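>>> structure of the sequence below:
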Amino acid sequence: MAATFRPRKQVLVLQALQSLVYPWVGGSGSTCCLCPLGAKRYLLSDSIVKLKEFQRKKVAVACNLPGTKETYLRKLEEKLTQNKLILKEELRTLLHLCASRDDVELAKHVIYRYHAENRNITLGEYKFGPLFMRLCYELDLEDSAVELIKDQHLQGFFSDSTSFNILMDMLFIKGKYKSALEVLIEMKNQDLKFNKDTYVLAFAICYKLNSPESFQICTTLREEALIKGEILSRRASCFAVALALNQNQEAKAISIFSQIMNPESIICTNLNIMIHIQSNMLETLIDILKDATEGNRSRFVKRHVFSEEVLVKVREKVKDVPTLLAKFDELNKKLHTNGQITAYTLDALLCHTPSDRQSHTVLLNKRTVSRRTFQPLSQSLWAE
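Numbers count the residues shown, from 1 in each chain. Sure, this is the predicted structure:
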């Protein structure tokens, strides 16, 4: 097979990514100056991870299994020993039966055999990657997931962005940002398309690593995305702004913030305050707080909410200017009175789990009972 051509800019991105994972860059712990606590939160919603759905399927598969789980596993071990063909349904059932590290070890052997037998059959094939990642997610086996996704013998088995996204989210939760970056490198090396969740994860990982190298990676990935015409989510842009602020790149932070389509969120509100603090725009900063306290007082109108941590930084910044300090203290009292202050740090707000937004109409119209048998539908249990 001919060597894959990579544009020069993409090569530079890969080189920058690879340079960041060497030991001198630092450990995996959070060094975010915006929040010393370094919150470890989920980045993907359950509509992406689908862990609950996966667990429901596991129960259904176990209930419908002819014979015992032990018998089924033993038969698969015999097929491996006798070098017999592994069927798609056998692997899918196995992944739903795994409940321990030993079970997953058997599943790994079966995956290698199955992929060796079917590596050239990809069109319309069921994707096992997300299923295996959900299994590792459930059992806290992120190291096994990293091992397989980086193994060149399984090239093509994890051929979807969902597998990589779930694994990066798993590593992010555990605070293993360096390993998460290695997974991002592998995804880039395999030329897999980044989706909106991938960019959120990539920028969040760079934000947590908080180094000049990770800032460069974030900047380059963002520029590449914009050149391709990708629409970056507000959440991804917020991580990029926060990283720029942590790296004292105020001009870059202002530039990225100005391109956020709808900055009406609690995170954007607080990032805007941080931009004004670090850019020494103190008069304008006080005006923003004043407008927030004097805005529409109707309880039906959403009011700006400020992180207590951010307001502490504001006070620290204006403490040597008596007139501004007096104005701030007065506004701070009003914000407390109005209930416009949250104890969440900016880091916690950034890493907060997004809520699933699903149409109520879809939920109402979704049929769950068979019209013929009046029994609960189970066919969808085999869907990804």
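
>>> name the residues that touch the helix or strand containing residue 288?
Secondary structure assigned from DSSP states H and E places residue 288 in helix 282-294. If you take CB atoms under 8 Å, 6 or more residues apart in numbering as the criterion, helix 282-294 is touched by 269, 272-273, 276-277, 303-304, 306, 314, 317-318, 321, 324, 327-328, 331-332, 334-335, 338, 340. Placement of C-beta: from N, CA and C, glycine included.

>>> let's see that with 10 Å instead.
Helix 282-294 is contacted by residues 269, 272-277, 279, 281, 303-306, 311, 314, 317-318, 321, 323-325, 327-328, 330-335, 337-338, 340 when judged by CB atoms under 10 Å, 6 or more residues apart in numbering.

>>> which ones among these lie within helices?
Members of the contacts of helix 282-294 lying in helices (criterion: DSSP state H): 269, 272-277, 311, 314, 317-318, 323-325, 327-328, 330-335, 337.

>>> gap between the two ends of stretch 342-349?
Distance between the two ends of stretch 342-349: 10 Å, counting by CA to CA, to the nearest Å.

>>> any idea of the mean pLDDT in that stretch?
Averaged over stretch 342-349, pLDDT sits at 96.

>>> residue 236 belongs to a strand, doesn't it?
No. Going by DSSP: H, G, I helix; E, B strand; the rest coil, the assignment for residue 236 is helix, not a strand.

>>> what number of residues are in the vicinity of it?
Here the number of neighbours of residue 236 (other CB atoms under 10 Å) works out to 26.

>>> ok, now the one 4 residues further on?
For residue 240, the count of nearby residues is 28 (other CB under 10 Å).

>>> quick check: it vs residue 304, distance?
22 Å (CB to CB, to the nearest Å).

>>> now do residue 148
46 Å.

>>> again, but for residue 170
From residue 170 across to residue 304, the span is 34 Å (CB to CB).

>>> hang on, the earlier thing: quick one: average pLDDT of the helix holding residue 288?
Taken as a whole, helix 282-294 carries a mean pLDDT of 95.

>>> picking that back up, which of residue 148 and residue 304 has more neighbours?
For residue 148 versus residue 304, the count of surrounding residues by other CB under 10 Å is larger for residue 148: 24 against 21.

>>> the nearest residue to that one once chain neighbours are set aside: what's it in contact with?
Nearest in space to residue 148, with sequence neighbours left out and distances taken as CB to CB, 6 or more residues apart in numbering, is residue 154 at 5.8 Å. If you count contacts by CB under 10 Å, 6+ apart, residue 154 has them with 108, 111-112, 115-116, 119, 129, 147-148.

>>> of the residues you listed, which belong to helices?
In this view, the contacts of residue 154 that belong to helices under DSSP H are 108, 111-112, 115-116, 129, 147-148.

>>> for these, work out which two are farthest apart.
116 and 147 (16.9 Å; CB to CB).

>>> pLDDT weak spots in the chain?
Counting by pLDDT under 70, the chain contains low-confidence ranges at 1-42, 122-124, 295-300, 354-384.

>>> how about the strands of it, start to end?
306-307, 341-342 (DSSP state E).
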